[in-house]
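> here you go, sequence then predicted model.
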Amino acid sequence: NSLAGSELPATGPLSLTATLTDADNKYHLSDLKLTLADTSLSGTLTADLSGKLPYIKANLQSSMVNLVPFQAEPPVEQVERYFTDDPLPLDGLKAANADITFKVKEVRTRQATLTNFDSTIKLNGGSLLIKPMSMDLAGGKLSGKVKVDASKPLAGVTINLDARNIQLGELESLKETLTAGTADITLRLNGTGNTNQAIAGSADGKLLVSVASAEMKQDDKKEGFLSGLGGLLNPFSKKDNSKLDCAVLNFNISKGIATANKGIGLETQQITVSGGGEINLKNEKLALGFEPNAKGAVA
């Protein structure tokens, strides 16, 4: 706790071995081996303290990183706002420059388990670039890049992500909403701000989601942004689950408003639905309309 400057979870035990060499205000750790409970880390690390900012260069590998103990417990009550106005910890990006290659066979989080994580992380003058970034997620593949530029008073965020063959029913955050379902997702997003709410409210970009062979669970007691969207996309039944043969969401995002001009469509064995409208990312309000059409007689 003293070294970290904060209260850490009681995950222990901690073991660290390495060979340390130093010269001209540069420190090099070789044969680095760290274990913390079921988390392991190995590789090399160099810290150059000769400049105005420390420069960290590292090549790290791990068989498993468990982030669950370091993540906050999920709220007991239903979340009403997904984009909060809590300040992001951007000052930490200005504390050092870095070039880190990171490969992990398995990363555990509360939301999902990632495998074969492979990424290069570069930090320069408050600008963070994660590129390339690839991993296996829920039976599929996620790749892309993320940039956070905190060198200016308002941070700039760029996210380019492509996900293919993601099994939605395997994601912790969707298990209570969906069963099965294979999704392809394309996300392009640019925004500015120092909170999640500000970034979402200023965002430009696009979101394209295509889903096949999913089943949406019906629960009228749930409230909130995603639950509201799920209810609008599931107008067929108030009691039974709805099996989706296919679904498409195609939103263009401009200044925090995600608009689908006839960009929403889904199909079941009994009905097809087409629709559109907008999602206001600033206040997380929905304004969507749908036109259902039955495929013959519906019991």
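That came through, no problem.
> quick one: distance of stretch 178-185 to the chain centre.
On the basis of C-alpha atoms, centre = their mean, to the nearest Å, stretch 178-185 sits 16 Å off its chain's mean C-alpha point.
> contacts for that stretch?
The contact list for stretch 178-185 (C-beta atoms under 8 Å, 6 or more residues apart in numbering) reads 140, 161-169, 207-217, 241, 244. Quick note: C-beta positions are derived from backbone N, CA and C, even for glycine.
> just the buried residues from those residues, in ChimeraX please.
Per 16 or more other C-beta atoms under 10 Å, the buried members of the contacts of stretch 178-185 correspond to this ChimeraX selection:
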select :140,161,163,166,167,168,169,207,208,209,211,214,215,216,217,244
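> give the contact list for the residue nearest to the spatial centre of the chain.
Closest residue to the average C-alpha location of the chain: residue 111 at 8.9 Å, with C-alpha atoms, centre = their mean. Going by C-beta under 8 Å, 6+ apart, residue 111 touches 171, 172, 173.
> likewise residue 163?
By C-beta under 8 Å, 6+ apart, the residues touching residue 163 are 137, 140, 141, 142, 183, 184, 185, 186.
> and residue 201, what are its phi and psi?
phi -70, psi -10 (degrees, to the nearest 10).
> give me the neighbour count for it.
Residue 201 is flanked by 21 other residues according to other C-beta atoms under 10 Å.
> how about residue 16?
Residue 16 is flanked by 11 other residues according to other C-beta under 10 Å.
> for residue 91, same thing?
Neighbour count for residue 91, taken as other C-beta under 10 Å: 10.
> what does residue 266 give?
The burial count for residue 266: 24, using other C-beta under 10 Å.
> so which of the contacts of stretch 178-185 are in strands?
140, 161-167, 207-216, 244 (DSSP state E).
> residue 54 touches residue 48, doesn't it?
Yes. Contact criterion C-beta atoms under 8 Å: residue 54 and residue 48 qualify, at 6.9 Å.
> and the residue nearest to residue 91 when sequence neighbours are not counted, what does it touch?
In space, and not counting its chain neighbours, residue 91 is closest to residue 150: 7.7 Å by C-beta to C-beta, 6 or more residues apart in numbering. Contacts for residue 150 (C-beta under 8 Å, 6+ apart) come out as 90, 91, 93, 94, 126, 127, 128.
> swap in residue 39?
Neighbour list for residue 39: 11, 62, 64, 65, 66 [criterion: C-beta under 8 Å, 6+ apart].
> next one: it from residue 289, what distance?
48 Å (C-beta to C-beta, to the nearest Å).
> which stretch of helix or strand covers the nearest residue to residue 253 once chain neighbours are set aside?
Nearest non-adjacent residue to residue 253, counting by C-beta to C-beta, 6+ apart: residue 205, 4.7 Å away. Element membership of residue 205, judged by DSSP states H and E, is strand 204-216.
> phi, psi for residue 139 please.
With angles defined as degrees, to the nearest 10, residue 139 sits at phi 80, psi 0.
> what's the spacing between it and residue 190?
Applying C-beta to C-beta to residue 139 and residue 190 gives a distance of 29 Å.
> with neighbour numbers in mind, choose between these two.
Using other C-beta under 10 Å, the more surrounded residue of residue 139 and residue 190 is residue 190, with 16 against 12.
> check contacts around that one.
Neighbours of residue 190 in contact, by C-beta under 8 Å, 6+ apart: 156, 157, 158, 159, 203, 204, 205.
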